[in-house]
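Enquirer: give the three-dimensional model of this entry:
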Amino acid sequence: MLTPKHCAEVNVINAGKGFSPEKTLEELMGKPTYYLTRYIIVRESDGRLRSGDRASIIEVRTEGGDLLKTVVGGKVLAHSDKCVVIADPAIDEFTLNQVVLKAVSARINDEVEAVILSGRNENVTFVFLGEQDLKVPLKILLVDTIPPSPSRLEVLARRARASEQISEHIEIESLNVDASEMVKEACSGGRLVFTPCPIEEPLSHHTSITSFADIAEKAESGKPTLSIDLIGCSLSRVTLNRLKEIMGLSLEVSLRDICPLHAAREVAPRVDVQGFIVRCCKTMESPRAIHVRGKPVMVLPWAPSVGDLVKAVDDLVGLVTRLDVV
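Expert: Residues are numbered from 1 along each chain as shown. Sure, this is the predicted structure:
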């Protein structure tokens, strides 16, 4: 698939009934155009773009500087008989996941090459459809930890839905790793519990450890080995092992893993979803993309925003559709 980076790259020309995109391209040669223009929608009617309009897509090459450049070449990307035009005020044409999935859902048949869209802001963009058969609705699995419940990703997804930043053609499911249940299991076995991340589970002073300083005090060199159930992730286990090494502590650690990324990796072969969004404390800034067992995963920082989640959804749609945003 191919779609513009921004609506500013798309210009619209009203060429009248019976227009020819090839002739329009010839007429554009040597003419000035806005410096960001890369694509031109040629249509036969004027006024606002309307669903069902007859339109073609031209890609142009330009040269020059400043705000105006000169058209020096180009090609027809899609003729009018291969394009579908949709004007839908429910679409935010600046939100990639809405644009792409609306285009996929509107594809009438396999002969359609492109879907031209206008949304609530009345800007125009398009999606040039590839051969891949994308499933609609697209299923995404949010993987996170609880408590608190609902999880952070679930809260953000609800906010994004409420503000219409996630396409109606995306089905969101959740998988939550319940840390409080792990704490209960560890305590019922008489183990000493260490929870480096806050967990909403009341623990007695005698059965829990809340800080690395606590561990250093309870496991001083020469004392009997201190056995701990760590309710955390591989990073916290590495930290504990490093503490043990530096201070010469007599310490035995068993990990009960709450890492959402590890949980996604475990369930990936068994769930019918196209991609995952997870939180990870090793990710400190913007979302990053990886693949787990052949499926794309967007990894968010531990304290993501609604904007981080929406960007992750956009990026995931791009990965799933092998989108070439140019």
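
Enquirer: what's whichever strand or helix holds residue 264 packed up against?
Expert: Using DSSP states H and E, residue 264 sits within helix 260-267. Applying 3 or more C-beta pairs under 8 Å, 6 or more residues apart in numbering; DSSP states H and E, one finds that helix 260-267 makes contact with strand 138-146, strand 170-178, strand 275-279, strand 288-292, strand 295-300. The C-beta positions use only the backbone N, C-alpha and C, and glycine is treated the same way.

Enquirer: if we go to 7 Å?
Expert: Counting contacts by 3 or more C-beta pairs under 7 Å, 6 or more residues apart in numbering; DSSP states H and E, helix 260-267 packs against strand 138-146, strand 170-178, strand 275-279.

Enquirer: out of those, which one sits most buried?
Expert: strand 275-279 (a mean of 26; mean count of other C-beta atoms under 10 Å).

Enquirer: list of residues touching that strand?
Expert: 140-144, 152-153, 260-261, 264, 292, 295-300, 302, 304, 312, 316, 319-320 (C-beta atoms under 7 Å, 6 or more residues apart in numbering).

Enquirer: got the domain boundaries for the chain?
Expert: Per automatic domain parsing, the structural domains of the chain span 2-131, 135-326.

Enquirer: quick one: average pLDDT of the last one?
Expert: On average, the pLDDT along domain 135-326 is 86.

Enquirer: how far does that domain sit from the chain's center?
Expert: Averaging C-alpha positions (C-alpha atoms, centre = their mean, to the nearest Å) puts domain 135-326 17 Å from its chain's average.

Enquirer: equivalent analysis for the first one, please.
Expert: Centroid displacement of domain 2-131 relative to its chain, using C-alpha atoms, centre = their mean, is 25 Å.

Enquirer: in the protein, spot the strand with the most residues.
Expert: strand 68-78 (DSSP state E).

Enquirer: quick one on the thing from earlier: of the contacts of strand 275-279, buried ones?
Expert: Burial by neighbour count, judged by 16 or more other C-beta atoms under 10 Å, picks out 140-144, 152-153, 260-261, 264, 292, 295-300, 304, 312, 316, 319-320 from the contacts of strand 275-279.

Enquirer: residues in contact with the nearest residue to residue 164 once chain neighbours are set aside?
Expert: Spatial nearest neighbour of residue 164, excluding adjacent residues (C-beta to C-beta, 6 or more residues apart in numbering): residue 92 at 6.6 Å. By C-beta under 7 Å, 6+ apart, residue 92 lies in contact with 98, 119-120, 164.

Enquirer: tell me the SS of residue 92?
Expert: Here residue 92 is coil, with the state taken from DSSP: H, G, I helix; E, B strand; the rest coil.

Enquirer: please begin residue numbering at 29 from this point
Expert: Got it, the first residue is 29 from now on, which makes the last one we talked about residue 120.

Enquirer: from residue 133, how far out is it?
Expert: If you measure residue 120 against residue 133 using C-beta to C-beta, to the nearest Å, the figure is 15 Å.

Enquirer: next one: residue 142
Expert: Residue 142 is 15 Å from residue 133, by C-beta to C-beta.

Enquirer: of those two, give the one with the bigger neighbour count.
Expert: It is residue 142, of residue 142 and residue 133, that has more neighbours when counted by other C-beta atoms under 10 Å, with 25 against 16.

Enquirer: I figured that one hits residue 85, correct?
Expert: Yes: using C-beta atoms under 7 Å, residue 142 is in contact with residue 85, at 5.7 Å.

Enquirer: what touches both of the two?
Expert: Common neighbours of residue 142 and residue 85 (C-beta under 7 Å, 6+ apart) are 105-106, 111, 154.

Enquirer: any chance of those residues in TSV, plus neighbour count, pLDDT and distance to residue 94?
Expert: Below are these laid out as TSV (neighbours: other C-beta atoms under 10 Å; pLDDT from 0 to 100; distance: C-beta to C-beta, whole Å):
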residue	neighbour count	pLDDT	distance to residue 94
105	19	94	26
106	23	94	30
111	22	94	32
154	26	95	27
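
Enquirer: count the neighbours of residue 286 for me.
Expert: Residue 286, neighbours per other C-beta under 10 Å, totals 22.

Enquirer: return the residues in contact with it.
Expert: Counting by C-beta under 7 Å, 6+ apart, residue 286 has contacts 173, 205, 207, 210, 259-261.

Enquirer: with residue 166 instead?
Expert: 129, 197-199, 302, 345, 348.

Enquirer: and it, how far is that from residue 175?
Expert: Where residue 175 is concerned, residue 166 sits at a distance of 29 Å (C-beta to C-beta).

Enquirer: need the helices for the protein, in chain order.
Expert: In the chain, the segments counted as helices under DSSP state H are 49-56, 124-134, 180-190, 207-216, 240-246, 262-275, 288-295, 334-348.

Enquirer: which one of those has the most crowded surroundings?
Expert: Mean neighbour counts were taken over the helices of the chain using mean count of other C-beta under 10 Å, and the top value, a mean of 23, falls to helix 124-134.

Enquirer: for that one, name the packing helices and strands.
Expert: By 3+ C-beta pairs under 7 Å, 6+ apart, helix 124-134 packs against strand 111-115, strand 142-146, strand 152-156, helix 334-348.
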